[in-house]
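1. the sequence and its predicted three-dimensional model are supplied below.
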Amino acid sequence: MARLITLILIIIAAVAGFSMYKIQDLGFLTAGIGDYKLETNLMIAGAVLIAGILVLLLLFKLFSLLHKLTVFFGAQRKVRLQEKARTALSHGLIELAEGRFAEAEKLLLKQVKHSDNALLTYLSAARAAQQQGEHERRDDYLRKAHEATPTAEIAIGLTKAELQIAHEQYEQALANLTHLYELSPKHAYVIKLLLKTYHHLADWKKLHALLDDAKKQKLLSSDKFLALELDVWRGLLGGQAQAKNLTALTAAWNKIPEHLKGQATLNEYYANLLIDLNADNLAEKVLRQHLNSNWTESAVVLYSELNVVIDHHQLEQVESWLKEHQHNAHLLLAMGKLCLNRKLWGKARHYLEASLSIHAMPETYLKLAQLLEQHMDDAKQAEIYYRQGLECLAGTHHHETAANSPLQHDTTKPALKIVHSD
């Protein structure tokens, strides 16, 4: 454009000058400012004007060239600074991964003003500060990360929640995650961190409400999800038990999915809660129904600790377990106690002595001694059992057969048969 203007001006000046020369009239120009006056012909005035315009164009060209040089060198400097920032970020991440957190923080922030990835830089610096216990500095870096990239609210919030959970700041993490969940209710990692936070806070109701989302998105393996379900229902059951509300406790149990009711740990936990609320008969029913289809030693041990009265049909159910578990000392103890409560003295003695022949336990000695003393008029043998029970309780009894004891111990195959009562 400048060249075109210059060419046009030259052509106009040449035509005008040639015309004036032909007619022999160079014209006359007078210009004055105050006391100063300038007189010249048009030819000279035109030449001066053209020269002035050319000088201005030259100056504009010069300034344009200087600007381009400034931009060029500025861009080159920016590239160099960005490269230094990338190098600092790379080295800082290496230091962070290798556990040198103070050095990592310094390197990460060294060229952060020139970084083209300030978000990653500040998030990494926040992690480095967290590892040094500098939580105020950590939060400051997270704030700067948000200022650098406001659109990355989810990423920044998740990093903040992770660090808060690692520092056991569960209340703060929950507030942060609740906001993120409102922003993105389907975000898998937000839900996963919420599960973890609710679990630590023992907020079983909120955790239960998230189970469906976790299952749909397959956030946990089947084993971990089952363990989480069990924790949730144990927590919900425990809450009702703490309120001493037996009705609410049984109602909560009835809401539990069937596939969980078959889990031994949950059955035993529920039975223990019932026992604590003096609902031993309900606990017996729960354990008996469980053992009918899912035999577990811990459930048998708990069942043997009950002191309840059951009817003849229920007793027959329990006796049927002996077909496959006749060498289980805890089952035999339970059978003996059930028979005692039904005043079946002979059967009770038979089961208690069979239990002792397999594994001596203080309670078995006590029950057998009380039976012989109070209902079978054998004070002498009762005294022996009392003594052996005390020795067993003190850890000094070696389960040796007393000379006057009617028990003939065979620890491998006890002589046991089911005694049916009329």
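-> Received the coordinates, thanks.

2. any idea how far G346 is from Q370?
-> Using Cβ to Cβ, to the nearest Å, Q370 is found at 15 Å from G346. For the C-beta atoms, the positions are set from N, CA and C on the backbone; glycine is no exception.

3. next one: A243
-> When distance is defined by Cβ to Cβ, A243 is 44 Å away from G346.

4. pLDDT weak spots in this structure?
-> Residue ranges of the chain with pLDDT under 70: 1-3, 5-6, 9-10, 12-32, 34-35, 37-46, 74-82, 396-422.

5. what about E98, neighbour count?
-> Burial measure for E98: 10 neighbouring residues, criterion other Cβ atoms under 10 Å.

6. for it, phi and psi?
-> phi -90, psi 0 (degrees, to the nearest 10).

7. that one and A128, how far apart?
-> For E98, the distance to A128 - Cβ to Cβ - is 12 Å.

8. and what of P362?
-> 58 Å.

9. over to K205?
-> 37 Å.

10. more neighbours, the two?
-> A direct count of neighbours by other Cβ under 10 Å for K205 and A128 places A128 higher, at 26 against 11.

11. L237 reaches A252, doesn't it?
-> Yes. Under the criterion of Cβ atoms under 8 Å, L237 makes contact with A252 at 5.5 Å.

12. who's more crowded, these two?
-> More neighbours surround L237 than the other of L237 and A252, with 23 against 19 (other Cβ under 10 Å).

13. show me the contacts for the more buried one.
-> Applying Cβ atoms under 8 Å, 6 or more residues apart in numbering, one finds that L237 lies in contact with 249, 252-253, 269-270, 273.

14. cool, S298 as well?
-> Contacts of S298 (Cβ under 8 Å, 6+ apart): 264, 268.

15. from the contact counts, what lies against the helix of greatest length in the chain?
-> Identified as the longest helix of the chain according to DSSP state H is helix 42-97. Contact here means 3 or more Cβ pairs under 8 Å, 6 or more residues apart in numbering; DSSP states H and E; on that basis helix 42-97 packs against helix 2-23, helix 101-110, helix 118-131.

16. ok now the second one, how far from the chain's centre?
-> Its chain's C-alpha centre lies 28 Å from the corresponding centre of helix 101-110 when counted by Cα atoms, centre = their mean, to the nearest Å.

17. buried sites along that helix?
-> For helix 101-110, burial by neighbour count (16 or more other Cβ atoms under 10 Å) applies to 101, 103-105, 107-110.

18. just the CA trace of that helix, in PDB.
-> C-alpha atoms of helix 101-110 as PDB (Å, rounded to 0.1, in the frame of the first residue of the first chain):
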ATOM      1  CA  PHE A 101       8.600 -33.100  48.500                       C
ATOM      2  CA  ALA A 102      10.400 -29.800  49.500                       C
ATOM      3  CA  GLU A 103      12.600 -29.900  46.400                       C
ATOM      4  CA  ALA A 104       9.600 -30.800  44.200                       C
ATOM      5  CA  GLU A 105       7.600 -27.900  45.500                       C
ATOM      6  CA  LYS A 106      10.500 -25.500  44.700                       C
ATOM      7  CA  LEU A 107      11.000 -26.800  41.200                       C
ATOM      8  CA  LEU A 108       7.300 -26.800  40.400                       C
ATOM      9  CA  LEU A 109       6.900 -23.200  41.300                       C
ATOM     10  CA  LYS A 110      10.200 -22.000  39.800                       C
END
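
19. excluding its backbone neighbours, what's nearest the residue sitting nearest the centre point of the chain?
-> The residue lying closest to the centre of the chain (Cα atoms, centre = their mean) is K196, at 3.1 Å. Spatial nearest neighbour of K196, excluding adjacent residues (Cβ to Cβ, 6 or more residues apart in numbering): I165 at 6.4 Å.

20. what's near enough to touch the one you found?
-> So I165 contacts 173, 193, 196-197, 200 (Cβ under 8 Å, 6+ apart).
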